[in-house]
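Trainee: how would this look folded up:
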Amino acid sequence: MLQSAMEISHQVTTVAEKPAQELISRSAYNISLITLNSIQACMCMLGLITNFINIKIFLAMRAFDDGVTLTFLLLSVSDLCVCFVAAGISMSAILHSQETKWLTQIIFNDDSKDHSQTIGFFFPVEPLYIGIMGHNTFQIFNLITMLLTIYLAVSRCLCVMYPLRFRNIITVKKTLLVSAIFFVVSLGIRLPLITHSGAALKFDPRVNATRHILWVHPNREIIRDALWVSVDTPVCVGAQITLSVCVLIMVKGLRAAADFRSKASAVNDTKSDKDNSKEKLTSKDARIIKQLVLISSIFIICNTPKLLTFLTTAIEPEYDLGGRYQKFHNVSVSACLRSHPLLPCPMLEPTSEKSASISELVTINELGLGDKRNLVLKSAGTSLLRVRICYRGQIGKSRLSSKTEYE
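Mentor: Below you'll find the predicted structure:
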């Protein structure tokens, strides 16, 4: 037996009618959703533009000739899909909030009328259906982005620890194969959840009309809980642990490299030259370490709200869709989604601590990415804009190169 969205809505409304159990009023609920989703829609539009620029840049750099650049290209494509789907979710959430606000004003402000003939305007497809199906698609590309990020982070960490053995670990064939596996796994994980929900053409008494409304299979919640326990939470926690471990390992490797260079420079240099060189190297390594810690902290901070939402749902089952605290859950999830587009690509793009000036660029050879220099312009979005600028020759005689040659 299928359970329609209007049945769920009736159950939620029945619970919400008890004022003592409401954590957020209807008006505050609608205002919060509209405000948060409007912010996300703007950020997603910015993300679409900047990720499109990313893709054009990486294609101009002949991404299919180099595994690292190809991985950045695929990551930008995944981020582009994330922003596109998130924009659709935002629009559906805004429409759902407007519809809920409109119906609430009609039904709850005047209980003396027969509202079956009052409601004349309605959306032909229930906005809630578009939002839920879009959320499933969002999770597919979100998982791909996270897996690609971990793949790059681990490979860069290995390049720092074992540069001679793993300097060419990311090849074009490996990148295509790994990306294909990530896509198949992500799609296969969400496919059972997608097939257990859909849109059915039914009469909706809330709008007094027949339209496509959401239906969910009774087993869908069981499947969702299983995915939450086996995939969502472990991947989210595992990504943060893996990232933190990789940062610690890379920091240790950079410090060891700095000590080695200091000892080597002491053999041929005078005492004053040795002190100057050591001070310079230490300053540069310290800047790299600070940037790695900063990127890691941003990643962890942005993922923490999502993890806390998972844990709260596990502790309090009513903090979920169809539960007693559904409104507060929806607002919290919307706030968590606002932080997601701010996630950077960890440990792959050393950014300047202040403005992105040439004097503050970090030698990517220290991170195992070759002997080029990297300028990264970050914007509001999931790894929105990664611009690689290769400089050859001396400072002041540098020129832009569209090639990606990793020695």
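
Trainee: who touches Ile130 in this structure?
Mentor: Ile130 makes contact with 88-89, 92 under the criterion Cβ atoms under 8 Å, 6 or more residues apart in numbering. For glycine as for every other residue, the C-beta is placed from the backbone atoms N, C-alpha and C.

Trainee: What segments of the stretch 1-150 of the chain are strands?
Mentor: According to DSSP state E, counting those that start in this stretch, the stretch 1-150 of the chain carries its strands in the segments 3-4.

Trainee: all helices for it, in order.
Mentor: Assigned by DSSP state H, counting those that start in this stretch, the stretch 1-150 of the chain shows helices spanning 5-16, 26-60, 67-109, 127-161.

Trainee: Tabulate these in a markdown table, adding columns for mean pLDDT and distance to Pro192.
Mentor: Converted to a markdown table, the helices of the stretch 1-150 of the chain look like this (pLDDT from 0 to 100; distance: least, Cβ to Cβ, whole Å):
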| stretch | mean pLDDT | distance to Pro192 |
| --- | --- | --- |
| helix 5-16 | 41 | 20 |
| helix 26-60 | 86 | 27 |
| helix 67-109 | 82 | 19 |
| helix 127-161 | 85 | 10 |
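
Trainee: Now those in JSON lines, please, with extra columns for distance to Lys202.
Mentor: Shown next, in JSON lines, are the helices of the stretch 1-150 of the chain (distance: least, Cβ to Cβ, whole Å):
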{"stretch": "helix 5-16", "distance to Lys202": "8"}
{"stretch": "helix 26-60", "distance to Lys202": "25"}
{"stretch": "helix 67-109", "distance to Lys202": "16"}
{"stretch": "helix 127-161", "distance to Lys202": "11"}
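
Trainee: nearest to Val178, of those helices?
Mentor: Closest to Val178 of the helices of the stretch 1-150 of the chain, according to Cβ to Cβ: helix 127-161, at 6.0 Å.

Trainee: what's the angle from that closest one to helix 26-60?
Mentor: If you take axes from the mean of the first three to the mean of the last three Cα atoms, to 10 degrees, helix 127-161 sits at 50 degrees to helix 26-60.

Trainee: I'd like to check the angle between helix 127-161 and helix 67-109, please.
Mentor: Using the same axes, to 10 degrees: helix 127-161 against helix 67-109 is 150 degrees.

Trainee: closest to Phe52 among the contacts of Ile130?
Mentor: Of these, the one sitting nearest to Phe52 (Cβ to Cβ) turns out to be Gly88, at 16.7 Å.

Trainee: Can you get me a residue count around the closest one?
Mentor: Look at Gly88: counted by other Cβ atoms under 10 Å, it has 19 neighbours.

Trainee: Now do the contacts for it.
Mentor: Contact analysis of Gly88 by Cβ under 8 Å, 6+ apart lists 130, 134.

Trainee: Test my guess that Ile24 contacts Leu33.
Mentor: No. Here Ile24 lies out of contact with Leu33, judged by Cβ atoms under 8 Å, at a distance of 10.3 Å.

Trainee: Among the two, which residue is more densely surrounded?
Mentor: Set Ile24 next to Leu33 and count neighbours by other Cβ under 10 Å: Leu33 wins out with 22 against 18.

Trainee: Would you agree the more buried one is in contact with Ser92?
Mentor: No. Between Leu33 and Ser92 there is no contact under Cβ under 8 Å: 10.8 Å.

Trainee: Three-state assignment for Trp215, please.
Mentor: What DSSP: H, G, I helix; E, B strand; the rest coil gives for Trp215 is strand.

Trainee: Determine the number of other residues adjacent to it.
Mentor: Neighbour count of Trp215, defined by other Cβ under 10 Å: 20.

Trainee: per-residue pLDDT, it?
Mentor: On pLDDT, Trp215 comes in at 82.

Trainee: Likewise for Ser398?
Mentor: With respect to pLDDT, Ser398 scores 33.

Trainee: Also Arg287?
Mentor: At Arg287, the model reports a pLDDT of 68.

Trainee: check contacts around Ile170.
Mentor: By Cβ under 8 Å, 6+ apart, the contact set of Ile170 is 67-68, 71, 152, 155.

Trainee: Please report the distance of the closest residue to it other than its chain neighbours from Pro163.
Mentor: In space, and not counting its chain neighbours, Ile170 is closest to Gly67: 3.8 Å by Cβ to Cβ, 6 or more residues apart in numbering. Plainly put, Gly67 is 16 Å away from Pro163 if you go by Cβ to Cβ, to the nearest Å.

Trainee: Looking at those two, which one has more neighbours?
Mentor: Per other Cβ under 10 Å, whichever of Gly67 and Pro163 has more neighbours is Gly67, with 22 against 13.

Trainee: any idea how far that one lies from Ile150?
Mentor: Taking Cβ to Cβ as the measure, Gly67 and Ile150 are separated by 16 Å.
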